[in-house]
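In: got a predicted model here, sequence first, then my questions.
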Amino acid sequence: MSSIELTSQKEKHAAEIQRVAQESGVDVSKCYQCGKCSAGCPVAFAIDYPPRAIIRFLQLGLLDHALRSKTIWLCAGCYTCSVRCPKDVDIAAVMETLRIMAKKKGYIGDRNIDLFHNAFLKSVERNGRVYEAGLVLTRNLFGRQFFRDTAHGLPMVQKGKISMLPHSIKDNGEVKKIFENVRKRGGKV
């Protein structure tokens, strides 16, 4: 590889990393790889790379590795990693940005996770909160797993843990404004 091609690749990687920083509002260069994020991650048992490895990929200009990882799709968005970070790197915001970027490039690691994510956001937009029964039904219907988790559903309805009818918050206008603002800024929800 010639030095011109190498320089061109480095510039491309730098631009992509800058885009992640701009879209997430996070400077990943602040991370010094202490591992507190990974140690506290509740889904660490299921992911292919711990949160700190995703950040390291970005630091090294390996955006494509981060975008193709299972980790960004399995991130629960619980913010444990962000809260534990001694350098205030908002890793959860980076994960969400990477999911959006991966989706735009067609790198959807798990169709069911993407389906659940979309159904969750639609439910929040419509009701101001999650309508659990509708979320499960939507996921099952579009995921073509019609009877998935049905054994758990009926007992939860009987115990009053899940309502069959949606409940909306009193003034959903503020939530709808958030979704409108995201769309105005070019985001997709």
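Out: Structure's in. What do you need? The structure displayed is predicted, hence computed values, not measured ones. Residues are numbered from 1 along each chain as shown.

In: quick one: the residue most central in space within the chain and residue 180, what's the gap?
Out: Nearest residue to the geometric centre of the chain (CA atoms, centre = their mean): residue 96, 3.7 Å. Distance, residue 96 to residue 180, by CB to CB, to the nearest Å: 18 Å. The C-beta positions use only the backbone N, C-alpha and C, and glycine is treated the same way.

In: quick revisit: and the residue nearest to the centre of the chain, what helix or strand is that in?
Out: Assigned by DSSP states H and E, residue 96 falls within helix 91-105.

In: just how off-centre is that helix within its chain?
Out: From the chain centre to the centre of helix 91-105 is a distance of 6 Å (CA atoms, centre = their mean, to the nearest Å).

In: what comes up buried for it?
Out: Using 16 or more other CB atoms under 10 Å as the test for burial, helix 91-105 gives 91-103.

In: residue 108 against residue 114, yeah?
Out: Yes. Contact status for residue 108 versus residue 114: in contact at 4.9 Å, counting by CB atoms under 8 Å.

In: quickly list what's touching both of those two.
Out: Shared contacts of residue 108 and residue 114 (CB atoms under 8 Å, 6 or more residues apart in numbering): residue 73.

In: domains in this protein, by residue range?
Out: As given by automatic domain parsing, the domain ranges for the chain are 3-105, 111-184.

In: just give me the lowest mean pLDDT stretch among these.
Out: Sorting those by mean pLDDT places domain 111-184 lowest, at a mean of 78.

In: got a list of what the closest residue in space to residue 142 that isn't next to it in sequence touches?
Out: Nearest non-adjacent residue to residue 142, counting by CB to CB, 6 or more residues apart in numbering: residue 115, 5.5 Å away. Contacts for residue 115 (CB under 8 Å, 6+ apart) come out as 138, 139, 142, 143.

In: tell me how far the third one lies from residue 83.
Out: Summarising the geometry, the distance separating residue 142 from residue 83, computed by CB to CB, is 33 Å.

In: in this structure, which spans are strands?
Out: Counting by DSSP state E, the chain has no strands to list.

In: grab the longest helix from it for me.
Out: The residue-count maximum for a helix in the chain (DSSP state H) belongs to helix 3-24.

In: so which elements touch that helix?
Out: For helix 3-24, the packing partners by 3 or more CB pairs under 8 Å, 6 or more residues apart in numbering; DSSP states H and E come out as helix 51-59, helix 63-67, helix 91-105.

In: could those be laid out in a markdown table, adding distance to residue 12?
Out: Listed next are those as a markdown table, based on distance: least, CB to CB, whole Å:
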| stretch | distance to residue 12 |
| --- | --- |
| helix 51-59 | 14 |
| helix 63-67 | 9 |
| helix 91-105 | 14 |
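
In: looking at these, which is closest to residue 73?
Out: When the helices and strands packed on helix 3-24 are compared by CB to CB, helix 91-105 sits nearest residue 73, at 6.6 Å.

In: other SSEs contacting the closest one?
Out: Against helix 91-105 (3+ CB pairs under 8 Å, 6+ apart) you get helix 3-24, helix 51-59, helix 63-67, helix 71-74, helix 80-84.
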